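**Student:** Predicted model and sequence below, questions to follow.
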Amino acid sequence: RETGEFNKVYLFVASLPCSSYSYVEGFYSMDSLSWITGHIHAFEFIGGVTRTVVPDNLKTGIDKPSSTEPVINRTYQELAEHYQTVIMPARVRKPKDKPSVEGTVGTITTWIIASLRNQIFFTLSELNEAVWLKLEEFNQKEFQKKKGSRLTAFLEEEKFALLPLPASRYEMAHWKKATVQPDYHISEDKMYYSVPYEYIKHVVEIRVTRTMVEV
């Protein structure tokens, strides 16, 4: 607002395969936090969890792309386990593995981005409020070649198949390794934590969330 500086925003798009009922949210970054947050908000938006998730092979979610044995990022895999779903990455350069979202991305680009292109937003929340209004229009827009909309198709054909949301949200964690020092402590973010002295000189893994440190 004061400087006139522009910030780039990336849209996270999730789409269901049958109805094309979709969720969209803008983020300043394509980092892991944005990626995981987008999934959490998408599950909450549709009111349940899909039995499988078919993402692109982006580095944020997939450590090693493979048509037979892809290696899923550890945090992303934890998210899947928390929501009791299965991550099945699309094969590289195989858009038919996720045709619904491929088509939806193009449509939403026109429907949302084009319609907002002449507006100015000073915060990400302002932008997302506008995006969600357009998303609501998109999901409720009548189909051209058949009765109903993405919303009605979702309610009639897909909602019953969703798994229930867990009692609590997934809380994102980050991992690091450390060597236990002779005083049987490890350091994390300038804080020291003790572990059993038997682990002196051993390499341990540290899992850190907003409220907990596990070794």
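**Tutor:** Looks like it came in fine.

**Student:** From residue 50, how far out is the residue most central in space within the chain?
**Tutor:** With distances taken as C-alpha atoms, centre = their mean, the residue of the chain nearest its centroid is residue 39 (3.0 Å). Distance of residue 39 to residue 50, given as C-beta to C-beta, to the nearest Å: 10 Å. Any C-beta I mention is one placed from the backbone N, CA and C, and that applies to glycine too.

**Student:** element containing the residue nearest to the centre of the chain?
**Tutor:** Applying DSSP states H and E as the criterion places residue 39 in helix 32-46.

**Student:** now that helix: how far from the chain's centre is it?
**Tutor:** 4 Å (C-alpha atoms, centre = their mean, to the nearest Å).

**Student:** Could I get the CA-only coordinates of that helix as CSV?
**Tutor:** Below are the C-alpha coordinates for helix 32-46, written out as CSV (Å, rounded to 0.1, in the frame of the first residue of the first chain):
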residue,chain,number,x,y,z
SER,A,32,6.0,-27.1,2.1
LEU,A,33,3.9,-25.1,4.6
SER,A,34,1.8,-23.7,1.8
TRP,A,35,1.4,-27.1,0.2
ILE,A,36,0.3,-28.8,3.4
THR,A,37,-2.0,-25.9,4.4
GLY,A,38,-3.7,-26.1,1.0
HIS,A,39,-4.5,-29.8,1.5
ILE,A,40,-5.8,-29.2,5.0
HIS,A,41,-8.1,-26.4,3.9
ALA,A,42,-9.2,-28.3,0.8
PHE,A,43,-10.3,-31.3,3.0
GLU,A,44,-12.1,-29.0,5.4
PHE,A,45,-13.8,-27.2,2.4
ILE,A,46,-15.3,-30.4,1.0
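
**Student:** what's the helix or strand following that helix packed up against?
**Tutor:** Using DSSP H and E, the helix or strand that follows helix 32-46 in sequence is strand 52-53. In terms of contacts (3 or more C-beta pairs under 8 Å, 6 or more residues apart in numbering; DSSP states H and E), strand 52-53 is packed against strand 86-87.
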